[in-house]
Structure formats: structure tokens, C-alpha cells
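**Student:** model this:
(one chain, ligands or ions: 1)
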Amino acid sequence: MSNWLAPGGVTANPSRIGIFDSGVGGLTVLRELYRQLSNESILYFGDTARLPYGSRSPEEILQFVREILTWMASQGVKMVMMACNTSSALALEQVQAEFPFPILGLIWPGARAAAQQGQRIGLIATSATVKSDAYRQAILEVHPDRQVWQVGCPEFVTLIEQNRIHDPYTYQVAKQYLAPLKAAQIDTLIYGCTHYPHLAPVLQTLLPSRVSFVDPAVHMVAAAAQELDALGLRSNVPAWPTEFYVSGAPSQFAQVAVQWLGHLPTVRQVRLPAATSLPTVNLSSGQLDTSS
Ligand code: DGL
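**Tutor:** Residues are numbered from 1 along each chain as shown. Take a look at the predicted model:
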């Protein structure tokens, strides 16, 4: 497929997959993309000016996701993967019908894998994801006899974004968050936030070795591969270098990303356009309101 100039003069590549997160969490999904779909070219967006998403309201998350998808649509992506559990839990279903490309989320692939793998399942996630109850509901839909314990870990994202993974304080915080899951004798733990696999070296020392870890990214990317095949969209030419965009400071993102990627990425700042405005239903009158 050929490239064209998108609004703003950016080179658009319609054969790319778009992935987004609030920050560096999406890099754990990018790693899986490199592993499982190495021919795919990737457009990465981190909404670093507005993180953490985990303390945002469902309305804010939906608004942010619409803005990001509107921008990605202007770049000509063929598929978008929400590399963010909070967005997947709170906005996936609403936006899937609003954009002309497949949009994949993390909750179902992660929940299905965990339900197949374990009986006593722990979830660590952002407060917003825990509050949505999306993982528990999905797990019980797959296997109604599974038991699920959910813990919100509000401090993790900021610590990871500040590059404090090996800080003794991070270890203490992790120990506290995992205590109720240890007491519940879980056999499986879901990384319910894409930032958390960055903490794997810390988390894995705090739980007994019989606990197996589920990274939903592994399963979402496998689902994406199947969907690309089904739609005849799988790339069979070598990938272009990944392009990184953020809404906040590019240098801060690059400094954390370098450890994960093994090289200092070029990161550009982008101002998101307003989301495509959609007709909303006026709840008091039941009428369509197209004024906004
Ligand atoms: N990494 C995202 C997630 O998977 C968002 C974390 C945040 O910004 O709070 O939920």
C-alpha cells in the first residue's frame, strides 16, 4: 500500500498498526508485537500529559480514547490495539463501532487465558479497571467456578513512569499491594495494567513460585494475528521502524523507553485533534442532540 500526507504534513502509512497507552505501559505490548508480528509497522502513542488514566472517570477515558483514535484514523492505521487495560475496560465497546478499522482490547484475551490457566485468580490493575469489574465478569463468563481477587495499585504507574522500578520504596509498596493476594493463596496473577510487567522482577520475588503470571498482551497480540489473517491484512514485507508520539515531554518518555527497547527512540510530541463529535442522546428528552 502507498503512503500519503496526512493533515499536518505527517507521512501516513495505512499499513501500520496503531497502539496506545497513557505512557510507557504500551511498550510491554510493543514487545509482544515485535515477538509475534515482526513484519508489522507500528505507530505508538503515549498520552503522557494526561496520565495516570487509572484515577480518571469513565467519561474522561472515553473522551481521551476518542481523541486518540481520531488522530490515529488521520494517520491511516489498519488496526488499533488498546495497549491500556483502563481504556479497554471503560471505552472499548463504545468506540468499536465508531471507527472504520478493527480495535482490540486486553480484557477478554487476558481473562480467557487466566480462566483457562488457574482456579484462584488475582488481578492487579488500576483503580479504574478494578472499579469497572470488567476482568472478574469476563473470567466468570468463561469459567463461572473461578474465584477472583482484585487489587487496585494506584502508586505503580507513577513509580514506573519515574523510572523507580528498582527503588526500595517500590518494593515496599508492591509488598503491601500483594499481601491480600498472597493471603488468598492465588495460583494465578494477571498483570491487569500494561505498565506492571515492567515490575516483573520485583513482583515475581514477592509471590510463591507456584503462582503463574498472565500477561494479557501476549494473548491480545495472538488474537490480533488471527484477525489480521482473517481480514487478509497481515504484512509480508519487513516492518518500518516504530514511530513514537506522546502528548507530554518526549525526553522523559525516551529515557524510560531506552531500557525497554535497547536503544534511544526518536519521540515526537503531538497535539491531538478534537474527537470526531458524535450525536448523543439527550437523556431527559430521549431526542438525538447534534448540537455539540
Ligand atoms: N497502562 C494503562 C493500563 O493498562 C494505564 C495506566 C494509567 O495510566 O493509570 O491500565
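**Student:** confidence score at A275?
**Tutor:** Each residue has a pLDDT score; the one for A275 is 73.
**Student:** show me the contact partners of stretch 45-54.
**Tutor:** Contacts of stretch 45-54 with the rest of the structure, by Cβ atoms under 8 Å, 6 or more residues apart in numbering, involve 18-24, 26, 56, 61, 64, 68, 71-72, 84, 86-87, 125-129, 152, 154, 157-158, 161, 193, 244-249, 252-253, 270. From N, CA and C alone the C-beta is placed, and that goes for glycine too.
**Student:** state the mean pLDDT of it.
**Tutor:** According to the model, stretch 45-54 has a mean pLDDT of 97.
**Student:** which parts of that stretch are buried?
**Tutor:** Across stretch 45-54, burial judged by 16 or more other Cβ atoms under 10 Å covers 45-48, 50-54.
**Student:** stretch 222-241: end-to-end distance?
**Tutor:** The distance separating the two terminal residues of stretch 222-241, taken as Cα to Cα, to the nearest Å, comes to 21 Å.
**Student:** identify the residues contacting that stretch?
**Tutor:** With Cβ under 8 Å, 6+ apart as the criterion, stretch 222-241 contacts 13, 15-17, 33, 36-42, 78-79, 81, 102, 104, 109.
**Student:** just the C-alphas of stretch 106-116, formatted as CSV.
**Tutor:** Extracted in CSV, the C-alpha atoms of stretch 106-116 (Å, rounded to 0.1, in the frame of the first residue of the first chain):
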residue,chain,number,x,y,z
LEU,A,106,-6.9,-6.6,26.5
ILE,A,107,-9.6,-7.7,28.9
TRP,A,108,-11.1,-10.6,27.0
PRO,A,109,-7.8,-12.2,25.9
GLY,A,110,-6.4,-11.8,29.4
ALA,A,111,-9.4,-13.0,31.2
ARG,A,112,-9.8,-16.1,28.9
ALA,A,113,-6.2,-17.1,29.4
ALA,A,114,-6.4,-16.7,33.2
ALA,A,115,-9.6,-18.6,33.5
GLN,A,116,-8.1,-21.5,31.5
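**Student:** list of residues touching it?
**Tutor:** Looking at what lies outside stretch 106-116 - Cβ under 8 Å, 6+ apart - the contacts are 29, 82-85, 88-89, 92, 121, 134-135, 138-139, 141-143, 146, 188, 190, 192, 194, 214-220, 222-223.
**Student:** tell me which element the residue nearest to G105 when sequence neighbours are not counted falls in.
**Tutor:** Beyond its immediate neighbours in the sequence, the residue positioned closest to G105 (Cβ to Cβ, 6 or more residues apart in numbering) is S88, lying 3.2 Å away. If you go by DSSP states H and E, S88 is part of helix 85-96.
**Student:** cool, S15 as well?
**Tutor:** For S15, there is no enclosing helix or strand under DSSP H and E.
**Student:** correct me if wrong: it contacts S41.
**Tutor:** Yes - with contact defined as Cβ atoms under 8 Å, S15 counts as touching S41 (6.4 Å).
**Student:** pretty sure P265 sits against Q255.
**Tutor:** No - here P265 does not reach Q255: they are 10.2 Å apart, not a contact under Cβ under 8 Å.
**Student:** contacts for the helix or strand containing V173?
**Tutor:** For V173, the host element (DSSP H and E) is helix 168-183. With Cβ under 8 Å, 6+ apart as the test, helix 168-183 has contacts from 122, 124, 149, 151, 153, 155-156, 159, 164, 189, 199, 202-203, 206-208.
**Student:** narrow the residues you listed to those in strands?
**Tutor:** Among these, the ones falling in strands (DSSP state E) are 122, 124, 149, 151, 189.
**Student:** any chance of the residues you listed in CSV, plus distance to L228 and neighbour count?
**Tutor:** Below are the ones in strands among the contacts of helix 168-183 laid out as CSV (distance: Cβ to Cβ, whole Å; neighbours: other Cβ atoms under 10 Å):
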residue, distance to L228, neighbour count
G122, 32, 27
I124, 30, 24
W149, 35, 17
V151, 34, 19
L189, 29, 24
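**Student:** what does the stretch 1-150 of the chain put close to the ligand?
**Tutor:** 21-22, 25, 51-54, 84-86, 126, 129 (Cβ under 6 Å from any ligand atom).
**Student:** dump those residues to JSON lines, plus secondary structure.
**Tutor:** Listed next are those as JSON lines, based on DSSP: H, G, I helix; E, B strand; the rest coil:
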{"residue": "D21", "secondary structure": "strand"}
{"residue": "S22", "secondary structure": "coil"}
{"residue": "G25", "secondary structure": "coil"}
{"residue": "L51", "secondary structure": "coil"}
{"residue": "P52", "secondary structure": "coil"}
{"residue": "Y53", "secondary structure": "helix"}
{"residue": "G54", "secondary structure": "helix"}
{"residue": "C84", "secondary structure": "coil"}
{"residue": "N85", "secondary structure": "helix"}
{"residue": "T86", "secondary structure": "helix"}
{"residue": "T126", "secondary structure": "coil"}
{"residue": "T129", "secondary structure": "helix"}
